[in-house]
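Student: Mind looking at a prediction? Sequence and model below.
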Amino acid sequence: MPRTAAVAAALLLPASALAEYDPDLHVDPSVDDCSVRFAPELTQGAFRRFVTEFGSVSAFKQGSSPETLGRHHVALDVEQISFSVEEKSAAWNDTFTHPDSGHELGAHKDFPKLRVRYGATDDLDVGAFYAANPQANYGWAGLEAKWRVLDEREGTPVSLAVRGAYTKTLYVADMDMHALSADVSVGRTFWNVLTPYLGLGGDAILAFERSPAVDLHPEAPFVGRLTAGLEARWWHLGVGAEAHVSALTSYQVQVSAIF
C-alpha cells in the first residue's frame, strides 16, 4: 500500500507542476486587449517583481549617443522597444486581465514610442516621450535632460554625457507608478558618422497599489542597467539601436529626423 501511494504521488507530481506553470487567465470580456488589473491572488512578492520588471523595462531609455544635438536643433524620433516576459509567472498573470481565456498576454512584447528632443545649448539636450497601447489601459510619458561633459572634438578621445529622466505610467487605475533614471555614457565617433557607445545607470521605481482587489504595501526597487548602443547620423537623418541589460533584457531601435 505505501508503495502504491508513492507511485500515485509520483504520477500526480508532473500534473500539479504543469498546473502551476500554466495558470488560468483572469478574464473580463469588456476589455479589448490584455490590460493591467490586479487579481485577488496577487501577492506582495509577485507585485514587487512586477514593479521591478514592468517599471524598469518601461523607464525612459537613453536612445542616443553621448553626442548632443547642438543649440536650437530639434530631433523627432520614432522608436520601437522589444522585450520578453514570463507571462505565466504570478507577477505577470495576476496583474493582467484578458478578453477571453484563449487571449494570452504573450511572452514577447513590442511597443512603439514617439520622442522629441531639443538642443537647449550646445551641451544640453532636453526631451520627452510618449507611448501607449491604444487597445489596453496602459501607457507611459517621460521627460529627460542630457548634459555633455566631454566632447571628443575638443581634443579628448571620447565623448561623455550624463543624463537624468523621469517616467510616469499612465491610465492604470490599479497602481500609481513612477521611475527616476540616471545614466552616464561614453562613446567615440568614426568617420563623422558612426558612434558606438556604452552606458551605465539605473532606475529608481516607486509604485503604489490602488486596487480594490488587494491590499499591498508600496514597492520601491532600484534596478541597475547596462546599455550598449550604436548611432549613425548623416545630414538630417539619424538611426540607432540599443541593448539594455537590466531586470529584463530589452532592445530598442530608433529613426530620427534632425533639424
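Tutor: Sure, I can see it.

Student: can you count the residues close to Ser101?
Tutor: As a burial measure, Ser101 scores 10 neighbours (other CB atoms under 10 Å). No exception for glycine: its C-beta is placed from N, CA and C like everyone else's.

Student: Wait, it touches Asp22, no?
Tutor: No: if you go by CB atoms under 8 Å, Ser101 and Asp22 don't touch, sitting 11.8 Å apart.

Student: ok, and the closest non-adjacent residue to the spatially most central residue of the chain?
Tutor: The residue lying closest to the centre of the chain (CA atoms, centre = their mean) is Val57, at 1.9 Å. Leaving aside its chain neighbours, Val57 sits nearest to Leu248 (4.7 Å; criterion: CB to CB, 6 or more residues apart in numbering).

Student: Now for that neighbour: which residues touch it?
Tutor: Contacts here follow CB atoms under 8 Å, 6 or more residues apart in numbering; on that basis Leu248 touches Glu53, Ser56, Val57, Phe83, Ser84, Val85.

Student: Distance-wise, check the residue nearest to the centre of the chain relative to Ala247.
Tutor: 7 Å (CB to CB, to the nearest Å).

Student: all helices for the stretch 101-250 of the chain, in order.
Tutor: Taking DSSP state H, counting those that start in this stretch to define them, one finds no helices in the stretch 101-250 of the chain.

Student: Any stretches of the stretch 1-150 of the chain with poor pLDDT?
Tutor: Where the stretch 1-150 of the chain drops to pLDDT under 70, the residues are 1-21.

Student: how much space between the nearest residue to Gly164 once chain neighbours are set aside and Gly202?
Tutor: Excluding the flanking residues, the one nearest Gly164 by CB to CB, 6+ apart is Ala182, at 5.2 Å. If you measure Ala182 against Gly202 using CB to CB, the figure is 7 Å.

Student: now swap in Ser246 and tell me
Tutor: Separation of Ser246 from Gly202 (CB to CB): 8 Å.

Student: Quick check: bridge partners of Leu198?
Tutor: Val186, Ala228 (DSSP bridges).

Student: Please work out how many residues are found near it.
Tutor: Leu198: 14 neighbours (other CB under 10 Å).

Student: I figured it hits Ser185, correct?
Tutor: Yes: Leu198 lies in contact with Ser185 (CB under 8 Å); the separation is 6.6 Å.

Student: Let me know the distance separating Thr97 from Ser58.
Tutor: 19 Å.

Student: Over to Tyr130?
Tutor: Note on Tyr130: its distance to Ser58, by CB to CB, is 12 Å.

Student: any residues in contact with both of the two?
Tutor: Trp140.

Student: So for those two, which sits in the more crowded spot?
Tutor: Counted by other CB under 10 Å, Tyr130 and Ser58 do not tie: Ser58 has more neighbours, with 26 against 13.

Student: Run through the residues that contact the more buried one.
Tutor: Ser58 is in contact with Ala131, Trp140, Thr167, Thr169, Ala179, counting by CB under 8 Å, 6+ apart.

Student: Could you rerun that using 10 Å?
Tutor: 81, 83, 111, 113, 131, 138-140, 142, 167-169, 177, 179, 203, 205, 248, 250 (CB atoms under 10 Å, 6 or more residues apart in numbering).
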